[in-house]
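Student: pasting the structure only:
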C-alpha cells in the first residue's frame, strides 16, 4: 500500500472565510473514499487542494508523493470537476481522443465510451448533450488516461436514476481493477453504495472518518414529524430518545433511533393527532446528529 | 495501439508532447471552423471589404506601385490582424467565461502547449484568410506580384502580427466574454482606419494623421507596403516599434493573467 493523497494539517481561507481548518487526511492506494458533507462544507476545496488547483493557506498537500501540480503526478490521475467547461463545438469522440493524448497510457476510446455509456453519442457535439450525458462525458474524460487515481467532484449531479445506476456500476468496475477513487457527494446513500471509507466534512473540518456501515449506525435514525389539532409543548418529548427536536405551534419534528418508543408515548398522551410521518433521516438530519455527537456547538441548518 | 511514451527526468511516464500538440491544434482548428461567426469574420469580411473599398482603385497607381497591389497589402494586413485579435481576444474571454480552463488545468497538458497550439491554429486561419483574399484580388483586381514579393508580404504579415496577437491575449484576459466582441471591434476598427489600412492616411483629419505613426497597425501597414515596393519607412524601424508593442501587450497580458490566477486559483 502506498500513500496516494496526503493532506497534512491543511488550512484554506478565502479572504476572511475559512473553507478548511487544519485537515489531515491520508488516502492509500486502492481505497475508495467518499468525502461526504453538505453544500459549502469544504469538499470541493479539499479536492482542489489535493489536485493542486488551489494552494493551501497553511499545511501541505501531496499527490502520489509529489507536488500536486507535478506533471508526473497528474499523468496518473483522472479528474471530474463540478462546473468545468469543455470545448462545446467538438464531438464526444473528438474530445475523448484529445484527452487521451494528455496521458502516457490510455484506454481505447471504444472502451471509454462503453464505460461511460456514450456509445450512441460518440458523434454528437458537446453543445447538444443533455445534462446527464455531459456528466458522463466528464467521466469518460476522467478515465481515458487509464488513471491510477480518480477524483470525482459531485459526479452524479444532473444524472437521472438510470444514469446514476450505470455510473455506479462503472465506478465499481474501476475500483475492482484497483483504481483509487476519491469522490465527493452529499448523498449518504451514494457514499454507502460506492465507498469503503467515508470522510464526513462539515464547516471545514473532518467530523467523522469511518466505514459506511459505522457512519450509518451513527446516524441511523428516523425523522418523525407530528401534527396535532392543538398546540404541543416540548415537555411531551422529555426523556425520549430524540435529537434535533423542533416544536412549532401544533407541529413537532425530531430525529430518533427508536420512533416506536416516541409514537407510543405520544399516542398515550394525546388523542388529537392529525398527522404522523416517519421517514429515513436525510443527510442534513444526519449532520445535525453527527455534529451533536462530536460535542460540537450549534447544530446549524446547513 | 500502444502509444509511444516518454520518460521524465524522474523516470516516470509522461505523454509525448508532440502528439498532444498535434491533437490540440487539430481540435482548435476544428472548433474555429465550426464557429460560423468566426469563419465569416476572419475569411469573408476581408474579401467583402476588398470588393467594396479596394476594387474600384485596383487599376490606379499609388506611390509608384499598382493600386491593386497596394490595397492587397492593406487588406491583407487587416485580414491577419483581424484573425489575431479575434482568435485570442474573443475565444480566450469565452473560454474563461465557460470555465474551460478549469478542467485542462487538472490534466497533465502543459499550459504552453495549449498556447502554442492556439498560435498555430490562428496562423492557419490567418494564412487561409490571406489565400482567399489574394485569390479574389488576383482574379477581380488583376493584382500581380513577383514570387519574391509574395513571400516577403506573407512572411512580414505573419511576423508583424505578433503585437496584435499579444493585444488579443490582453483583451482575452482582461475583458468579460460578453464584452469581448465589442471591445475587439472598438479597438480594432478605429485603429485600422486611423492607420491608413482602409483609407490613405492623407485623407484623415490632421490630428489623426499626427497620432497615426504611433499606432501598432500603422507600423504593421508600413511593413506590408514596403514588402510590395511602395514607399514606406525602413522595415527595421517598423519591426522595432512592433517589437516594443509586443512587449507592452504581453506585459499587460501577464498582469491580467496573474490577477486572474490569484483570484481563481490560489
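Tutor: Received it, and whenever you're ready, just let me know what you need. Worth saying up front: this structure is predicted, and the values here are computed from it rather than measured.

Student: what about the closest residue in space to residue A:277 that isn't next to it in sequence, neighbour count?
Tutor: Excluding the flanking residues, the one nearest residue A:277 by CB to CB, 6 or more residues apart in numbering or on different chains is residue A:225, at 4.2 Å. For every residue, glycine as well, the C-beta is placed using N, CA and C. The burial metric for residue A:225, expressed as a neighbour count using other CB atoms under 10 Å in any protein chain shown, is 15.

Student: same deal with residue A:174?
Tutor: Other residues near residue A:174 come to 20 when the count uses other CB under 10 Å.

Student: now swap in residue A:14 and tell me
Tutor: That count, for residue A:14 with other CB under 10 Å as the rule, works out to 11.

Student: what pairs with it across the strands?
Tutor: Judged by DSSP bridges, the bridge partners of residue A:14 are residue A:17.

Student: now it: how far from residue A:55?
Tutor: 12 Å (CB to CB, to the nearest Å).

Student: same check, this time on residue B:203
Tutor: If you measure residue B:203 against residue A:55 using CB to CB, the figure is 55 Å.

Student: Show the contacting residues for the residue nearest to residue A:277.
Tutor: By CB atoms under 8 Å, 6 or more residues apart in numbering or on different chains, residue A:225 lies in contact with A:251-253, A:275-279.

Student: In terms of helices and strands, where is it?
Tutor: Element membership of residue A:225, judged by DSSP states H and E, is strand A:222-228.

Student: looking at this, residue B:197 is in a strand?
Tutor: No: Residue B:197 is assigned coil when assessed by DSSP: H, G, I helix; E, B strand; the rest coil, not a strand.

Student: higher neighbour count, residue B:203 and residue A:55?
Tutor: Residue environment comparison for residue B:203 versus residue A:55 gives the larger neighbour count to residue A:55, 13 against 10, counting by other CB under 10 Å.

Student: so the more buried one makes contact with residue B:264?
Tutor: No: contact criterion CB atoms under 8 Å: residue A:55 and residue B:264 do not qualify, at 11.7 Å.

Student: Quick one: name the residues of the stretch 51-200 of chain A near chain B.
Tutor: Proximity of the stretch 51-200 of chain A to chain B is assessed by CB under 8 Å from any CB of the partner chain, with A:51, A:53-55, A:71-72, A:74-75, A:77, A:79, A:81, A:83-90, A:94-95, A:97-99, A:101-106, A:108, A:125, A:138, A:141, A:151 identified as the residues in range.

Student: re the thing from before, from the contacts of residue A:225, keep the buried residues only.
Tutor: Buried positions within these, assessed by neighbour count (16 or more other CB atoms under 10 Å in any protein chain shown), are A:252-253.

Student: Okay, strands next: where are they in chain A?
Tutor: Taking DSSP state E, the strands of chain A run over residues A:3-14, A:17-28, A:32-36, A:58-63, A:77-80, A:149-153, A:180-185, A:197-202, A:205-210, A:222-228, A:243-248, A:251-256, A:273-280.

Student: Now do the same for the residue nearest the centre of chain B: its pLDDT.
Tutor: Among the residues of chain B, residue B:84 comes closest to the average C-alpha position under CA atoms, centre = their mean, at 2.3 Å. The score at residue B:84 is 95. That number is its pLDDT.

Student: residues in contact with it?
Tutor: B:122, B:126, B:161, B:164-165, B:167-168.

Student: Count the neighbours of residue A:60 for me.
Tutor: Applying other CB under 10 Å, we find 13 residues neighbouring residue A:60.

Student: longest helix in chain A, by residue count?
Tutor: Ranked by residue count, the top helix of chain A under DSSP state H comes out as helix A:161-176.

Student: hang on, the earlier thing: just the contacts of residue B:84: which are in helices?
Tutor: Reading helices off the contacts of residue B:84 with DSSP H, I get B:122, B:126, B:164-165, B:167-168.

Student: Find the nearest non-adjacent residue to the closest residue to chain A within the stretch 151-266 of chain B, please.
Tutor: Sorted by distance to chain A under CB to the nearest CB, the residues of the stretch 151-266 of chain B start with residue B:266, at 5.3 Å. Using CB to CB, 6+ apart and skipping the chain neighbours, the partner closest in space to residue B:266 is residue A:55 (5.3 Å).

Student: again with residue A:263
Tutor: residue A:276 (7.0 Å).

Student: show me what contacts that neighbour?
Tutor: Contact partners of residue A:276, counting by CB under 8 Å, 6+ apart, are A:224-227, A:263.

Student: Any idea which residue is closest to the centre of chain A?
Tutor: Computing the C-alpha centroid of chain A and ranking residues by CA atoms, centre = their mean puts residue A:185 first, at 1.5 Å.

Student: Neighbours of residue A:138, how many?
Tutor: The number of residues packed near residue A:138 is 21, by other CB under 10 Å.

Student: again with the one 4 residues further on
Tutor: Counted by other CB under 10 Å, the residues lying close to residue A:142 total 25.

Student: and the closest residue in space to it that isn't next to it in sequence, bridged to which residues?
Tutor: Taking CB to CB, 6+ apart, and ignoring the residues beside it in sequence, residue A:142 has residue A:78 as its nearest neighbour in space, at 3.8 Å. Residue A:78 forms beta bridges with residue A:150, as assigned by DSSP bridges.

Student: In this structure residue A:78 contacts residue A:149, no?
Tutor: Yes: the pair residue A:78 and residue A:149 passes the contact test of CB under 8 Å, sitting 7.3 Å apart.

Student: Tell me which of those two has more neighbours.
Tutor: Here residue A:78 and residue A:149 are set side by side on neighbour count (other CB under 10 Å), and the busier one is residue A:78, at 26 against 23.

Student: For the more buried one, give me its contacts.
Tutor: With CB under 8 Å, 6+ apart as the criterion, the residues that contact residue A:78 are A:141-145, A:147, A:149-151.

Student: measure it to residue A:196 for me?
Tutor: 19 Å.

Student: Please apply the same query to residue B:263.
Tutor: With the distance defined as CB to CB, residue B:263 ends up 37 Å from residue A:196.
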